[in-house]
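> Pasting the sequence and the predicted model now:
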Amino acid sequence: MAEAHRIFFIMPEKNDVSWNAMISGFVEVGDLNSALELFQIAPVKTVIAWTAVITGFMKFGKTESAKNLKMPSKSSRTP
């Protein structure tokens, strides 16, 4: 994941798919802090990314964190 993370941050253009893939990748390897950090800074909070983070929290027994993560609204684009 370290190499994927490095490449991701030097990519000149990122889209929803690349953000979702990185967030999901961090969840898969159990790095929930990095997954959540990326979710929080993503310009678009997609339901796909939110679901990945929630799934990770539940998989690793962090139910309180899962309850506290708000589902993105339709207008979740950040300036």
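Happy to help now that I have it.

> Okay, now the unreliable bits of the protein?
Flagging of the chain using pLDDT under 70 yields the residue ranges 74-79.

> switch the cut-off to 80
Along the chain, the parts satisfying pLDDT under 80 run over 72-79.

> What ranges does it have for its helices?
2-10, 16-28, 32-41, 47-59, 63-68 (DSSP state H).

> Next, format those helices as CSV and append mean neighbour count.
Every residue, glycine included, has its C-beta placed from N, CA and C. Below are the helices of the chain laid out as CSV (neighbours: other Cβ atoms under 10 Å):
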stretch, mean neighbour count
helix 2-10, 10
helix 16-28, 19
helix 32-41, 16
helix 47-59, 18
helix 63-68, 12
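
> so how far is N20 from F57?
Applying Cβ to Cβ, to the nearest Å, one obtains 16 Å for the distance of F57 from N20.

> cool, K45 as well?
11 Å.

> Next: K14.
Applying Cβ to Cβ to K14 and N20 gives a distance of 10 Å.

> Same check on F39?
10 Å.

> Now do the shared contacts for the two.
Common neighbours of F39 and N20 (criterion: Cβ atoms under 8 Å, 6 or more residues apart in numbering): A49.
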